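Chemist: Attaching a predicted model along with its sequence, questions to come.
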Amino acid sequence: MDASVDAFLEMMAVERAAARNTIASYTLDLDDFDSFVRARGQTIRTADAASCQAYMASLATAGLSARTAARRLSALRQFHLFLLREGHRPDDPTAQLDTPKLPKPLPKCLSEQEVDALLKAAAERPGRTGVVARAALELAYATGMRVSELLSVPRSAVGARADAMIIKGKGGKERLVPLSGAAKEAAAALLAATNAASRYLFPGRDPRRPLTRQAFFLLLKQVALAAGLDPTRVSPHVLRHSFATHMLARGADLRTLQVLLGHSDIATVEIYTHTQTERLRRAVEEGHPLSESWRGGRQG
């Protein structure tokens with residue numbers, strides 16, 4: 001391979017402290033590009049924009065994933081920026097290439113049964129931490145609040161007769177969300193068990209400050225273990241996604257979800273329709289008489 005590639009890889013290792021796996025990946029990616037451009041009568045150092053464009057198109061034709069293609073494009077860009085900076089060539093032939101569009105990851109969520117197990121484990125937890133855990137989980141799942149919103153809820157937001165509460169979200173925007181009976185009951189129990197001098201519903205060790213994220217995350221992991229769930233799957237964000245996914249599954253519309261979640265753009269909540277679509281697709285594949293799995297099973 002061209003000596004400039006060796007120089008580039010050495011720079012990545014020494015100056016940028018790139019991991020061994022990263023160096024190995026870049027080596028393979030640049031070797032593949034080198035073979036491609038040599039077949040077109042060029043070298044890896046002299047490849048033009050047309051060859052770079054053709055190479056990226058060949059990856060799509062070969063059926064490589066968008067993620068793999070994006071990684072290879074990153075290697076090409078890093079390499080050609082190095083050549084440009086070192087004066088080995090006067091231009092960057094990758095400058096006009098478009099990054100492959102990566103699929104949006106579907107939000108991770110728990111099943112309704114897993115949420116029930118989590119709430120049950122929180123309710124059975126003894127002492128003050130059990131009261132805190134139950135209130136936090138009931139409110140988080142009932143409203144879809146962000147963790148920052150949950151921990152900053154003032155005591156005054158939840159009263160004995162409150163059927164809804166005002167949440168202050170991003171940019172200071174407020175929204176009104178209804179409370180479930182279980183959430184109201186858990187909040188009332190927390191009010192009775194915590195320092196009334198604190199302005200926060202979830203006071204920290206210093207009642208002048210709210211419970212920290214770290215303390216809440218630790219408590220959530222402990223409850224997950226007690227519920228028999230993998231604690232790495234449980235987080236405040238997962239509870240928020242679970243709230244939205246379960247609401248949509250039970251008939252809520254996107255506009256309602258947008259308001260409840262506090263999003264300014266409805267496009268932000270459209271990801272949950274993909275979750276439902278994927279679930280329906282799996283159901284069809286597993287149960288429809290014309291699905292491949294069914295035909296394979298019948299023929300076997």
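Modeler: Sure, I can see it. Numbers count the residues shown, from 1 in each chain.
Chemist: quick one: contacts for Arg45?
Modeler: By CB atoms under 8 Å, 6 or more residues apart in numbering, the contact set of Arg45 is 2, 4, 83, 88-89. Any C-beta I mention is one placed from the backbone N, CA and C, and that applies to glycine too.
Chemist: cool, and Phe36?
Modeler: Phe36 touches 51, 54-55, 58, counting by CB under 8 Å, 6+ apart.
Chemist: could you flag which of those residues are buried?
Modeler: Buried members of those, counted by 16 or more other CB atoms under 10 Å: 51, 55.
Chemist: Now distance to Val132, secondary structure and pLDDT too, for the contacts of Phe36, in TSV please.
Modeler: Shown next, in TSV, are these (distance: CB to CB, whole Å; DSSP: H, G, I helix; E, B strand; the rest coil; pLDDT from 0 to 100):
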residue	distance to Val132	secondary structure	pLDDT
Ser51	61	helix	95
Ala54	60	helix	95
Tyr55	56	helix	95
Ser58	57	helix	95
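Chemist: tell me which of the contacts of Phe36 is nearest to Leu218?
Modeler: When the contacts of Phe36 are compared for distance to Leu218 (CB to CB), Tyr55 wins out at 48.5 Å.
Chemist: Surely the closest one touches Asp34?
Modeler: No: the criterion here is CB atoms under 8 Å, and Tyr55 misses it with Asp34 at 10.3 Å.
Chemist: which residues of the stretch 151-300 of the chain fall in strands?
Modeler: Counting by DSSP state E, counting those that start in this stretch, one finds strands in the stretch 151-300 of the chain at the ranges 164-168, 174-178.
Chemist: ok, the nearest residue to Val177 once chain neighbours are set aside to Ile167 distance?
Modeler: Once flanking residues are discounted, Val177 sits nearest to Thr143: 4.5 Å by CB to CB, 6 or more residues apart in numbering. The gap separating Thr143 from Ile167 is 7 Å, by CB to CB, to the nearest Å.
Chemist: Need the overlap of contacts for the two.
Modeler: Residues touching both Thr143 and Ile167 (CB under 8 Å, 6+ apart) are Val177.
Chemist: Neighbours of the closest residue to Gly204 other than its chain neighbours, how many?
Modeler: Among residues not flanking Gly204 along the chain, Leu211 sits closest, at 4.7 Å (CB to CB, 6+ apart). Neighbour count of Leu211, defined by other CB atoms under 10 Å: 20.
Chemist: and Leu211, what is it in contact with?
Modeler: Contact partners of Leu211, counting by CB under 8 Å, 6+ apart, are 132, 151, 200, 202-204.
Chemist: And the buried ones among these, selectable in PyMOL?
Modeler: In PyMOL syntax, the buried subset of those is picked out as below (16+ other CB under 10 Å):
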select buried, resi 132+151+200+202+203
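Chemist: just the contacts of Leu211 now: which is nearest Leu257?
Modeler: Leu151 (22.3 Å).
Chemist: For that closest one, give its distance to Arg20.
Modeler: 40 Å.
Chemist: And the helices in this protein, which stretches?
Modeler: Ranges of helices in the chain, per DSSP state H, are 3-14, 20-38, 49-61, 66-85, 112-124, 127-143, 147-151, 181-193, 213-226, 236-249, 254-261, 271-287, 292-299.
Chemist: Give the buried residues for the shortest one.
Modeler: Within helix 147-151, the residues scored as buried using 16+ other CB under 10 Å are 147, 149-151.
Chemist: got it, and stretch 110-122?
Modeler: Neighbour-count burial for stretch 110-122 [16+ other CB under 10 Å]: 110, 114-115, 117-119, 121-122.
Chemist: nearest residue to Ala13 other than its sequence neighbours?
Modeler: Using CB to CB, 6+ apart, the closest residue to Ala13 is Ile23 (5.8 Å).
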